[in-house]
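Q: below is the structure, and that's it, no one-letter string:
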């Protein structure tokens, strides 16, 4: 059974609002996902510079040497 040209056009026009609703629904889902994305700011790690005195370094080396001697 063939449909007349007017019925085909009317049927197409009746489905346009449904298609628009579906497209807007999908678009809204993607927009809500885009709003949930959080921008992450990267910061350089803070580094604390520690100055050691020569006496402290020497005492640490002596302790390390004593430990090695005991282990052997």
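A: Yes, it's here. Bear in mind that the values here come from a model prediction, so they are computed numbers and not experimental data. Numbering: from 1, shown residues only.
Q: ok, residue 20 to residue 14 distance?
A: 12 Å (CB to CB, to the nearest Å). The way it works is simple: take the backbone N, C-alpha and C, and place the C-beta from them, glycine included.
Q: ugh, wrong one, residue 63
A: From residue 63 over to residue 14 (counting by CB to CB), the distance is 89 Å.
Q: check residue 28 too.
A: 23 Å.
Q: which one's the longest helix in this structure?
A: Using DSSP state H to define each element, the chain has its longest helix at helix 5-36.
Q: gap between that one and the chain center?
A: Helix 5-36 has its C-alpha centroid displaced from the chain centroid by 31 Å (CA atoms, centre = their mean, to the nearest Å).
Q: give me the mean pLDDT for stretch 9-23.
A: For stretch 9-23, mean pLDDT is 93.
Q: same deal with stretch 37-56?
A: Confidence over stretch 37-56 (mean pLDDT, whole number) is 72.
Q: let the chain start at 426 from now.
A: With 426 as the first residue, the last one maps to stretch 462-481.
Q: which non-adjacent residue is nearest residue 428?
A: Spatial nearest neighbour of residue 428, excluding adjacent residues (CB to CB, 6 or more residues apart in numbering): residue 436 at 7.8 Å.
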